[in-house]
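>>> Please work out how this folds:
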Amino acid sequence: MRQLVAVASDELYAVVQSAMVERWSGLGTAAQIAIGSALGLSLLALAFWVTRRLARRARPGRQRFLVVCSCCFVVLALGLGVWAYWLPEPERVSFVLSHQVVRVGAALFGTLTMISGMALALPWALDRLEGRGFVSFVAARHVRAAKSGFLTVISILSIAGVAISSFALCAVVSIMGGFGADLKHKILGNNAHISIDSIGEEGRAGLPGSTTPGLGTLPWDDLLDKVRVVPGVYAATPVITGEAMASSQSNTAGVLLRGVEPNSIGSVIDLVKNIEVGKFEYLLEPERLSEMGEDEPIWIGRGGHRYLNGPRAQRRSAPAGSGGASGARDLGVGDDDEALDPDVADVIQREPVYPGVVLGRELAKTLHVYVGDEITLVSPVGELGPMGVLPRARKFRVAAVFYSGMYEYDSSHAYLTLEEAQRFLDRPGISQIEVKVEREDRAGEVRQRLSDALTGQDLRIRDWQELNKGLFSALELEKIVTFIILSIAIVVGSFCIICTLLLMVTEKSKEIAILKATGASDLGILEVFMSEGLLIGGIGTVFGVTTGLVLCLGLLWFGVRLDPDVYYVDRLPINVDPIDYAVVALCSLGITILATIYPAVAASRLRPVEGIRYE
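Okay, the predicted model is just below:
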């Protein structure tokens, strides 16, 4: 239900946005400039009026400066945010510096707005702390004391050290979590949640040399029906895999062939969604490739440049022995079509119909082929002929090109229909059954149900966590180690808190002695200095964690674009997990609390006589 609501809201948002863009595009250039200028001037006038009113109410000096800066940051964040919202987002666009400055600027000024707002709210919060009791009153007064200029500077540096460390830890954890989530999304988009196969003693079931019955000899239709009725299973599809060599007119490459059932593969993996050029329907009906329109794209180049199909006379395959379009012209095709009998011209111009194949983008780039081009697949399993065993070769036509975001898949995978793959590989069965579950985090539970339902059939059932255990374990370990290493920066910042409190104890020894002489207990003095250190660490933690959260949310909303041809991702992946931020805040506060123990104990042990001996 939640997914349906999300899909409906996304569709409504897309409809409203397209309607607004269409209406805006319908206006003339002069009208657009006039409306934009009027809105911009109105917003600037409103911002100037609000800034002036707030600045008059603020106290002269630092507070008035922060008010003016906050208002300026708000205006810049809103202006750049609206600008970034209307920036175009075409496919496979390289790094555009001007667009990137706008997007990063919107996130940066939004973060500066939050920082200045927290700086304005800090005196108000300290005022409230001073009215809550003796301990909080003394601690807050020590932190904001104007007389001790040197200690005030050290306190600010302590707060800045904890804030910067917490901010860096939050940013790194979010970016690493984003890369992990992006990798998980791409892996699950190209692989099923659960794989069911059978391994023989010498190799995969269905391949030569297997000594135990595999899916190739089992009634996999009945097995597939049993899998689909298991609770928690969303969809299931049969798949046959094999290796082959692909060759075009200019290059060759090794490929991993996957024969799929077109009607069900789209509900298990994202192959249909990942089609970049061409159509998945061409895989089922390859004869439609000869009917592609002139404006249909056959490739997307660097910077989102689309290569169109063009006139059909330039794309037709001429009869054997000719040289493409030039060969067709030599036979009278093209300018002399009217001189030929229509039936003869149709036979000459007709492209041979080969089975369709869907290639990954990098594989198609390696082979130098576009949609509609021919390739030859050579199977390692040969046929016995007069000259011995000869490899089996067959021609196919590129039906579509997909982009999954994973170089390993885009550079090696090729998809055929299940029947064509069985015929080409000379294997009547399938290699495995791929299953998609309703909730990916419960794949282990569904795997156990499948094991119970298919018991006694010598099958191996593995979920995505087991198949990619090494990869995700390495990512988790890297995240933990990075967290520990960056936490050392917070420890370094806590040393500044220790120095601040020790200097505070030294400078305030007379005040401590007077407090003790008037009845303050050792425990009360201990609580005062621990509260002071906790206050410094708390302010730094709030500033750091909040700044990291706002900046990461801004970068997530506006996006940091990367060159997909270099990094193979079009934007910097960021994952904002509240649990990660809560852990960072707790660790930062815990470290700062530990740092206050020694100075607070030293202050509580100070004797009143020693504090006022030289007064």
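
>>> from here on, contacts and neighbour counts on C-alpha atoms
Noted.

>>> Quick check: which element contains Ala513?
For Ala513, the enclosing helix or strand under DSSP states H and E is helix 509-517.

>>> tell me how far that helix is from the chain's mean position?
The gap between the average C-alpha position of helix 509-517 and the chain average comes to 57 Å, counting by C-alpha atoms, centre = their mean, to the nearest Å.

>>> Pull out the buried residues from it.
509-510, 512-516 (16 or more other C-alpha atoms under 10 Å).

>>> After that helix, which helix or strand is next?
Proceeding C-terminally, helix 509-517 gives way to helix 522-558 as the next helix or strand, assigned by DSSP H and E.

>>> buried ones in stretch 588-603?
Neighbour counts over stretch 588-603 (16+ other C-alpha under 10 Å) mark 588-589, 591-593, 595-603 as buried.

>>> and the residue nearest to Trp464 when sequence neighbours are not counted, how far is that from Lys186?
Once flanking residues are discounted, Trp464 sits nearest to His193: 5.1 Å by C-alpha to C-alpha, 6 or more residues apart in numbering. Noted for His193: a distance of 12 Å to Lys186, by C-alpha to C-alpha, to the nearest Å.

>>> any idea of the pLDDT on the residue nearest to Trp464?
Per-residue confidence (pLDDT) for His193: 91.

>>> Now it. Its backbone dihedrals?
When quoted as degrees, to the nearest 10, the phi and psi of His193 stand at phi -70, psi -30.

>>> in terms of contact, does it touch Val435 like I think?
Yes. Contact status for His193 versus Val435: in contact at 5.9 Å, counting by C-alpha atoms under 8 Å.

>>> Going along the chain, name the strands of the stretch 351-500 of the chain.
Under the criterion DSSP state E, counting those that start in this stretch, the stretch 351-500 of the chain carries strands at the ranges 356-360, 374-385, 388-402, 413-417, 432-437, 460-463.

>>> what's the angle from the longest one to strand 356-360?
For strand 388-402 against strand 356-360, the angle between stretch directions is 70 degrees (axes from the mean of the first three to the mean of the last three C-alpha atoms, to 10 degrees).

>>> Return the list of strands paired to strand 388-402, each annotated with direction.
strand 275-278 (antiparallel), strand 356-360 (parallel), strand 374-385 (antiparallel) (DSSP bridges).

>>> Just put those in a markdown table and tack on distance to Gly178 and mean neighbour count.
Supplementary listing: the strands paired with strand 388-402 in a markdown table, determined by distance: least, C-alpha to C-alpha, whole Å; neighbours: other C-alpha atoms under 10 Å:
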| stretch | distance to Gly178 | mean neighbour count |
| --- | --- | --- |
| strand 275-278 | 24 | 21 |
| strand 356-360 | 24 | 29 |
| strand 374-385 | 38 | 17 |
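
>>> Point out the one among those strands that comes closest to Gly544.
Gly544 lies closest to strand 275-278 among the strands paired with strand 388-402, at 41.3 Å (C-alpha to C-alpha).

>>> Off-centre distance for that closest one?
What separates the centre of strand 275-278 from the centre of its chain is 21 Å, taken as C-alpha atoms, centre = their mean.

>>> Quick check: nearest residue in space to Lys395, chain neighbours excluded?
Closest residue to Lys395 apart from its sequence neighbours, by C-alpha to C-alpha, 6+ apart: Thr376 at 4.4 Å.

>>> and the residue nearest to Trp464, what is it in contact with?
By C-alpha atoms under 8 Å, 6 or more residues apart in numbering, the contact set of His193 is 434-437, 440, 443, 463-464.

>>> Likewise for Leu223?
Going by C-alpha under 8 Å, 6+ apart, Leu223 touches no other residue.

>>> now the one 10 residues further on
For Val233, the residues meeting the contact criterion (C-alpha under 8 Å, 6+ apart) are 227, 435-438, 446.
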